[in-house]
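Participant: Sequence first, predicted model second:
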Amino acid sequence: MVWGMETSTEGAAQPDSSPAAAVDPPVPAGSVEAVIDTAAADETASEAGTTTESAPTAVPPASLSPSRASDFMQCPLLYRFRVIDRLPEKPSEAATRGTLVHAVLERLFDAPAAERTAPRAKSLIPGQWDRLRETRPEVVELFADDPQGERLARWLGEAERLVERWFTLEDPSRLEPAERELFVEAELESGLRLRGIIDRVDVAPTGEVRIVDYKTGKAPRPEYSEGALFQMKFYALVVWRLKNVVPRRLQLVYLGSGEVLTYDPVLADLERVERKLLALWEAIRQATESGDWRPRPTKLCGWCDHQAHCPEFGGTPPPYPLRIGAPEPLPSPVGPAGHTGEGG
């Protein structure tokens, strides 16, 4: 039970014992990196209709998260590789550093308010890095060619600077988050399940909800801000569907550039996002049943791990593991008002 009502249809996180106080204008047991990794694995498995405990048998996707929705919008073939084929990907220094910084910021709130200082936060980095290596041994490969530890030291130093910069953007001594690394899941009336992990939820004494997400990169240019807010509006939609509350504020904290991007949503925003997701889910349904997952070349292709399997780079995708024309279709994209999804 969180904020007085059930948060998720499954795997709901537990609330902190202290009341929330957003002074500015369910964490499962274990370290946060384990939570993130488990949820990420469950996310891909659930979207493929299986669980992490079962064999990786390919079945039609069953749910949608912000990252997988973004994958499909970026490149349908990438979505297939990650959700249906579940092809392995090598860890990157940037993504691993982001996981480490998230873990530090999450754990800092375990300390009393007066002790949430920059030196304390930086002191958490070595321990969280050790835990990350335990829960994700593959990240050790990042520095396998660094026997003297010089590159690792620079990498950890960059993590320290990101953590320090956070203190110029927010004052953790004045915050008591209602939730940290909160797993949320909601099923729409159409049958589509939405799920994800929210970095932080602040609830003011008057009840206003603020959803906060940490980004270790730089803030996008204004013309790209809508894309950056998609994830936040996705979370706002889930919160609205779970609690019938429209979050007062969505806040992206960019540690790479020291900027904060905020947006105050209204109900019409969330309704548009829901229509967009229903339309997206219909496109995923059609691709799943037809086996037609077309690549969409962009400048992001240079960072893709799957070029060897991509026709755009002369590769061949693995044999499609699902039967064409699946007998059990995905949930219908028809919304509660009886309208088919449309882009919003």
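Facilitator: All right, it came through fine. Numbers count the residues shown, from 1 in each chain.
Participant: And the helices in this protein?
Facilitator: With helices called from DSSP state H, the chain shows them at 32-47, 66-74, 76-79, 93-108, 118-123, 125-135, 150-169, 225-243, 267-290.
Participant: Show the average pLDDT along the first one.
Facilitator: Right, the one you point to is helix 32-47. For helix 32-47, mean pLDDT rounds to 40.
Participant: Kindly report the same for the last one.
Facilitator: Averaging pLDDT along helix 267-290 gives 96.
Participant: In the protein, where's the longest strand?
Facilitator: If you go by DSSP state E, the chain has its longest strand at strand 193-203.
Participant: What is that one packed up against?
Facilitator: helix 32-47, strand 63-64, helix 93-108, strand 179-187, strand 209-215, helix 225-243 (3 or more Cβ pairs under 8 Å, 6 or more residues apart in numbering; DSSP states H and E). C-beta: built from backbone N, CA, C; applies to glycine.
Participant: In the last one, which residues are buried?
Facilitator: If I follow you right, that is helix 225-243. 228-243 (16 or more other Cβ atoms under 10 Å).
Participant: Stretch 92-111 now?
Facilitator: 96-109.
Participant: Show me the contact partners of it.
Facilitator: Residues outside stretch 92-111 that contact it (Cβ atoms under 8 Å, 6 or more residues apart in numbering) are 27, 31-33, 36, 116, 120-121, 124-125, 128-129, 131-132, 139, 142, 155, 158-159, 162-163, 166, 172, 175-177, 180-181, 199, 214-217, 255.
Participant: Let me see the mean pLDDT of that stretch.
Facilitator: 97.
Participant: Tell me the gap between that stretch and the middle of its chain.
Facilitator: Here the centre of stretch 92-111 is set off from its chain's centre by 14 Å, with Cα atoms, centre = their mean, to the nearest Å.
Participant: any low-confidence regions in the stretch 201-344 of the chain?
Facilitator: 325-344 (pLDDT under 70).
Participant: So among the contacts of stretch 92-111, which ones count as buried?
Facilitator: Buried positions within those, assessed by neighbour count (16+ other Cβ under 10 Å), are 27, 31-33, 36, 116, 121, 124-125, 128-129, 131-132, 139, 142, 155, 158-159, 162-163, 166, 172, 175-177, 180-181, 199, 214-216, 255.
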